[in-house]
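> Let's see this in three dimensions:
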Amino acid sequence: MPKKEGKRGKSLDVWAPEWEPILNLAPDHIDDFMWMYSVQLSDGTRLQVYKHYWTRNSLHLDNEGRAFVFTGEGRYREVEPGWLLSRVLREDFFSKESDIFVGHNYVSDDDQLRRTRAATRHRISRQRSRYVIEHCGLWFWHRAPRMGSSSGRDDRVLFFGDDIEGVPLEVFAAEEAEGTLMVIHAMDLRDRYRGLYREARQWRR
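Residues are numbered from 1 along each chain as shown. The predicted structure is shown next:
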């Protein structure tokens, strides 16, 4: 299970541009990017950072075809490359205020899945929630803004998909210590999330 904080990284004193990662991901857009610098992650992964000339958004790519976003405090989190490219090229894909990132194949063992009392308010069973989490294939991580310098973040993992009977659901959860996933909200899909539901549907397992 991916950790909320992501991997630590630091910029390297390297000034020779490497273009292979972005050529592999977006060869048709290469002229619209400038190489900025390299980053070394805590696991040894090296990222190349490219900034788009017009949107001023950045791509963080490694040589294996993976993409990352900077989540603050010197940390980087892996996301789906195609989604990130779309977000960098089209600022209206998700507004910057939403601060939503995307990942694939969120794994949570049954003994690591818990529920708050509020999660039962809409009469969605544990089995229905778990089915959506296990089969969605694409999850959305919402990084909530800080409410003050002394308070933590109220981050959420968002899942959109059909339960075993084909009923569209929205399931929101919070990551806890030791890989535990706490379901805090589950209900029938609301209209405001149908766009994210359609995005996730094509990755369903």
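> ranges for the helices of this structure?
20-25, 81-89, 126-135, 194-201 (DSSP state H).
> Just put those in JSON lines and tack on mean pLDDT, distance to Ser42 and mean neighbour count.
In short, each C-beta sits where N, CA and C put it, glycine included. Listed next are the helices of the chain as JSON lines, based on pLDDT from 0 to 100; distance: least, CB to CB, whole Å; neighbours: other CB atoms under 10 Å:
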{"stretch": "helix 20-25", "mean pLDDT": "94", "distance to Ser42": "19", "mean neighbour count": "16"}
{"stretch": "helix 81-89", "mean pLDDT": "86", "distance to Ser42": "20", "mean neighbour count": "19"}
{"stretch": "helix 126-135", "mean pLDDT": "91", "distance to Ser42": "27", "mean neighbour count": "18"}
{"stretch": "helix 194-201", "mean pLDDT": "86", "distance to Ser42": "29", "mean neighbour count": "16"}
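> Glu64 is nearest to which of the ones you listed?
Smallest distance to Glu64 across those (CB to CB): 8.7 Å, for helix 20-25.
> closest to Tyr53 out of the helices of the chain?
Comparing these by CB to CB, helix 81-89 comes nearest, at 11.2 Å.
> and the angle from the closest one to helix 194-201?
140 degrees (axes from the mean of the first three to the mean of the last three CA atoms, to 10 degrees).
> helices and strands around helix 81-89, which ones?
Here helix 81-89 touches strand 58-61, strand 67-72, going by 3 or more CB pairs under 8 Å, 6 or more residues apart in numbering; DSSP states H and E.
> Any idea which of the helices of the chain gets closest to Arg75?
helix 81-89 (16.1 Å).
> Just the residues contacting the closest one, thanks.
Residues from elsewhere that reach helix 81-89, judged by CB atoms under 8 Å, 6 or more residues apart in numbering: 25-26, 29, 52, 55, 57-59, 61, 65-67, 69, 93-94, 102.
> Now render the helices of the chain as TSV, adding distance to Ala119.
Output for these, formatted as TSV (distance: least, CB to CB, whole Å):
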stretch	distance to Ala119
helix 20-25	38
helix 81-89	27
helix 126-135	7
helix 194-201	19
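> quick revisit: which of the helices and strands packed on helix 81-89 sits most buried?
Counting by mean count of other CB atoms under 10 Å, strand 58-61 has the highest mean neighbour count of those, with a mean of 23.
> Who does that one pair with, and is each partner parallel or antiparallel?
strand 46-52 (antiparallel), strand 67-72 (antiparallel) (DSSP bridges).
> And the ones you listed, which one averages the lowest pLDDT?
Mean pLDDT is lowest for strand 67-72 among the strands paired with strand 58-61, at a mean of 90.
> any low-confidence regions in this protein?
1-5, 90-111, 143-155, 177-179 (pLDDT under 70).
> ok, Arg126 touching Arg115?
Yes: if you go by CB atoms under 8 Å, Arg126 and Arg115 touch, sitting 6.1 Å apart.
> intersection of neighbour lists for those two?
Contact criterion CB under 8 Å, 6+ apart; residues shared by Arg126 and Arg115: Val183.
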